[in-house]
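Undergrad: sequence and predicted structure below; questions after.
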Amino acid sequence: MSKTNDQISLSQKISAAIRKDITDGNFKAGSKIPAEPDLMRLYGVGRSTIREAIKSLSHSGVLSVRQGFGTVVNNFSAEPIEDRLRNSDFSEINYVRGLLEREIVALAVHNRTEPDLSAMNEALTWRKAAIEAGNHENCINADITFHISIAQASGNKVLQDLYKSFTNIIRDFFTRREPSGITKFAMSHHLHETLMLAIRDKNPEQAISTINSILNNNH
């Protein structure tokens, strides 16, 4: 087992090293990276480690493996998408969040179940308690849990997974927006309650109007 973990860890290190060489301009966008034997010598590792690193980078879109030609550096930033998102403007993050949340809310209105509503209500209870206690971290956690419960109520597993992935960016967004205070969480709590009621009552107009209010005020 430890050997497998060491192999995974080593391949991740080599992936990072290749990314750095791309960022530093050692491997140019549109050009082929060296062949496996050359990469093995360059990074001082075995063939299986190189192959795992190349596989990981191709899955993440940094490289493209072309049969009969070689492995090519794709023509875009080698910076991981998570880092690019964290460095993005608030308005850009909120725009993408809006695309996800509006579609999720629209689906949740039609597909929600009683267990979904119970999960939303539980998250709102936690959110309100966190506001009353002035606990910034719990406000963030409860808010994200509430919106995840709506994503689950949408009934679309792909949207659920996309939203769950995006919550790391939302968490960072909340922390930068209001490093220690809870003012915006408190101001928007009634809107979150209204959103849950609209989903419960299967009222799409009210639900979309409310999520728009939440998003437009960066709550």
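TA: Received, thanks. Numbering: from 1, shown residues only.
Undergrad: and residue 105, what pLDDT?
TA: pLDDT recorded at residue 105 is 97.
Undergrad: ok, which stretches of this protein are helices?
TA: 2-23, 36-43, 47-59, 81-86, 90-111, 114-133, 136-153, 157-177, 183-200, 204-216 (DSSP state H).
Undergrad: select, out of those, the one closest to residue 68.
TA: Residue 68 lies closest to helix 36-43 among these, at 14.8 Å (CB to CB). Placement of C-beta: from N, CA and C, glycine included.
Undergrad: report the distance from that closest one to the chain centre.
TA: 33 Å (CA atoms, centre = their mean, to the nearest Å).
Undergrad: pLDDT below threshold where in this structure?
TA: 1-8, 76-90, 177-180, 218-219 (pLDDT under 70).
Undergrad: and among the helices of the chain, the most buried is which?
TA: helix 136-153 (a mean of 21; mean count of other CB atoms under 10 Å).
Undergrad: other SSEs contacting it?
TA: Applying 3 or more CB pairs under 8 Å, 6 or more residues apart in numbering; DSSP states H and E, we find helix 136-153 packed against helix 90-111, helix 114-133, helix 157-177, helix 183-200.
Undergrad: got the contact list for the nearest residue to residue 211 once chain neighbours are set aside?
TA: Counting by CB to CB, 6 or more residues apart in numbering, residue 211 lies nearest to residue 105, which is 4.8 Å off, once chain neighbours are set aside. With contact set as CB atoms under 8 Å, 6 or more residues apart in numbering, residue 105 has these partners: 150, 154, 195, 199, 207, 208, 211.
Undergrad: separation between the third one and residue 33?
TA: The reference is to residue 195. Residue 195 is 49 Å from residue 33, where distance means CB to CB, to the nearest Å.
Undergrad: follow-up on the earlier one: need the helices and strands packed on helix 136-153 in TSV (columns: distance to residue 74).
TA: Listed next are these as TSV, based on distance: least, CB to CB, whole Å:
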stretch	distance to residue 74
helix 90-111	22
helix 114-133	39
helix 157-177	21
helix 183-200	39
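Undergrad: which of those helices sits closest to residue 146?
TA: Smallest distance to residue 146 across the helices and strands packed on helix 136-153 (CB to CB): 3.8 Å, for helix 114-133.
Undergrad: now for the closest one, which elements pack on it?
TA: Using 3+ CB pairs under 8 Å, 6+ apart, helix 114-133 sits against helix 136-153, helix 183-200.
Undergrad: starting at the chain centroid, how far to the first one?
TA: With CA atoms, centre = their mean as the basis, the distance from the averaged C-alpha position of helix 136-153 to the chain average is 14 Å.
Undergrad: then stretch 163-178?
TA: 8 Å.
Undergrad: so who does the most centrally placed residue in the chain touch?
TA: Central residue of the chain (CA atoms, centre = their mean): residue 166, 2.4 Å from the mean position. Residue 166 makes contact with 96, 97, 100, according to CB under 8 Å, 6+ apart.
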